[in-house]
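>>> Build me a model from this:
(chains A and B)
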Amino acid sequence: MEALKNELKSKIIEILNLEEITVSDINDDDALFGDGLGLDSIDALELIVMLDKDYGIKLVDPKEGKAIFQSIEIMATYITEHRVK
Amino acid sequence: MSVNKNYIKSFCTIQKNQIFLNGETVFSTEDDLFAGFSKKAYQHFEINYPKFFKMDNLSKLTFLGAELLLKEENKNSEDNNTALVFANKSSSLDTDVKYQKSISDSENYYPSPAVFVYTLPNICLGEISIKHQLKSENAFFIFADYDAVFMQNYCTILLETQKADKVLCGWVEYYNEDYKAFLYLVDKKGKIEHNHEQLKKLYNQ
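You can find the predicted model right below:
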């Protein structure tokens, strides 16, 4: 699980072009949207595409992302339970 | 109908790794691609807006110019009615090409929303509007070359019809590392008269 969390942090930094942020800057429980990392709706779409591409998880309803992308901890748990690759 | 005189309050040119503000060099770097140049400029002017790094090159170019001209303008203004009138030659072609490449491989099909969102030139006006809280008129035109007469006329109509109190105008061209931005703020006060002869002169400086 720790490896997956670090993998997710690296992917988020790379995909969302968060140049000023490092893996160690993101805590497992930090909010990813709003006051946390400050991600926006386009970033949420990027994360949905990433779930599909890298873990084979298809979110039929984009609103599901709101619950899944709350934090790295919640994302990692969801991916572990639903990944198909 | 008599038309009031308007003025170019400030102007900015960005090209070949250099930034000029009101005719003076305010930043330059050597031997850098646009990505390195824009990042160094962002740091030099102590801009604190992390969303900058997510923008495409056309938006970064536009954002930097607008930042220099608007940062002192809007500090004390709650009702900021600054219109935006921009134009270029290549539209968003630089990003369009990147997006096309990202979806051309059917084995590794990856339509990135963050790239796709920049496949329109007027997204850079949205970036300025968000940063400076502008809820004003905006337009982005595509021309073969810089058209000073059109820009002057369009800007004057906005001011004369009281659609805007000021207008930020610009030519922001970016394609494949070849770029030029010429932005200027038109106001009712200033030293340089706003007319197309003056615009051509400043554009070609």
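>>> Count the residues that sit near residue B:46.
6 (other C-beta atoms under 10 Å in any protein chain shown). For the C-beta atoms, the positions are set from N, CA and C on the backbone; glycine is no exception.
>>> Test my guess that residue A:29 contacts residue A:76.
No. Contact criterion C-beta atoms under 8 Å: residue A:29 and residue A:76 do not qualify, at 11.3 Å.
>>> of those two, who's got more company?
Neighbour comparison, residue A:29 and residue A:76: the larger count goes to residue A:76, with 20 against 11 (by other C-beta under 10 Å).
>>> For the residue in chain A sticking out farthest from the centre, give me phi and psi.
Of all residues in chain A, residue A:20 sits farthest from the chain's C-alpha centroid, using C-alpha atoms, centre = their mean; the distance is 17.4 Å. Phi and psi for residue A:20, reported as degrees, to the nearest 10, are phi -90, psi 0.
>>> before we move on, what SS does the closest residue to residue A:23 other than its chain neighbours have?
In space, residue A:23 comes closest to residue A:9 once its chain neighbours are excluded; the distance is 4.5 Å by C-beta to C-beta, 6 or more residues apart in numbering or on different chains. Here residue A:9 is recorded as helix under DSSP: H, G, I helix; E, B strand; the rest coil.
>>> can you pull the contacts of residue A:9?
The contact partners of residue A:9, by C-beta atoms under 8 Å, 6 or more residues apart in numbering or on different chains, come to A:23, A:26, A:72.
>>> what's the residue lying closest to the residue farthest from the centre of chain A once chain neighbours are set aside in contact with, if anything?
Leaving aside its chain neighbours, residue A:20 sits nearest to residue B:50 (5.8 Å; criterion: C-beta to C-beta, 6+ apart). The contact partners of residue B:50, by C-beta under 8 Å, 6+ apart, come to A:18-20, A:38.
>>> Out of these, which is nearest to residue A:4?
residue A:18 (18.7 Å; C-beta to C-beta).
>>> burial count for residue 54?
All of this refers to chain A. By the criterion of other C-beta under 10 Å, residue A:54 has 15 neighbours.
>>> my question was about chain B
As a burial measure, residue B:54 scores 21 neighbours (other C-beta under 10 Å).
>>> Roughly how far does it sit from residue A:44?
13 Å (C-beta to C-beta, to the nearest Å).
>>> now the helices for the chain?
In the absence of a named chain, chain A is used. Along chain A, the segments classed as helices by DSSP state H run A:2-15, A:41-55, A:64-68, A:72-82.
>>> oops, I was thinking of chain B
B:34-44, B:57-70, B:93-104, B:113-116, B:123-132, B:148-160, B:196-203.
>>> For chain B, what is the nearest residue in chain A?
At 3.7 Å from chain B, residue A:45 is the closest residue in chain A, using C-beta to the nearest C-beta.
>>> Run through the neighbouring helices and strands of the worst-scoring helix or strand of chain A on mean pLDDT.
The weakest-scoring helix or strand in chain A, judged by mean pLDDT, DSSP states H and E, is helix A:64-68 (a mean of 89). If contacts are counted by 3 or more C-beta pairs under 8 Å, 6 or more residues apart in numbering or on different chains; DSSP states H and E, helix A:64-68 sits against helix A:41-55, helix A:72-82.
>>> got the contact list for the most centrally placed residue in chain B?
The centroid of chain B falls nearest to residue B:62 when counting by C-alpha atoms, centre = their mean (3.2 Å). Neighbour list for residue B:62: B:86, B:124-125, B:127-128, B:170, B:172, B:181, B:183 [criterion: C-beta under 8 Å, 6+ apart].
>>> The residue in chain B that chain A sits nearest to - nearest residue in space that isn't next to it in sequence?
Closest approach between chain B and chain A, counting by C-beta to the nearest C-beta: residue B:113, at 3.7 Å. Ranked by C-beta to C-beta, 6+ apart and with sequence neighbours excluded, the top spatial neighbour of residue B:113 is residue A:45, at 3.7 Å.
>>> Who are the contact partners of that neighbour?
By C-beta under 8 Å, 6+ apart, the contact list for residue A:45 reads A:62, B:113-114.
>>> mind checking pLDDT for it?
Looking at residue A:45, its pLDDT reads 90.
>>> what does chain A have sitting close to chain B?
Proximity of chain A to chain B is confined to A:15-20, A:38, A:40, A:42-43, A:45-46, A:49, A:53 under the rule C-beta under 8 Å from any C-beta of the partner chain.
>>> Please repeat the previous calculation with a cut-off of 6 Å.
Chain A comes close to chain B at residues A:17, A:19-20, A:42, A:45-46, as judged by C-beta under 6 Å from any C-beta of the partner chain.
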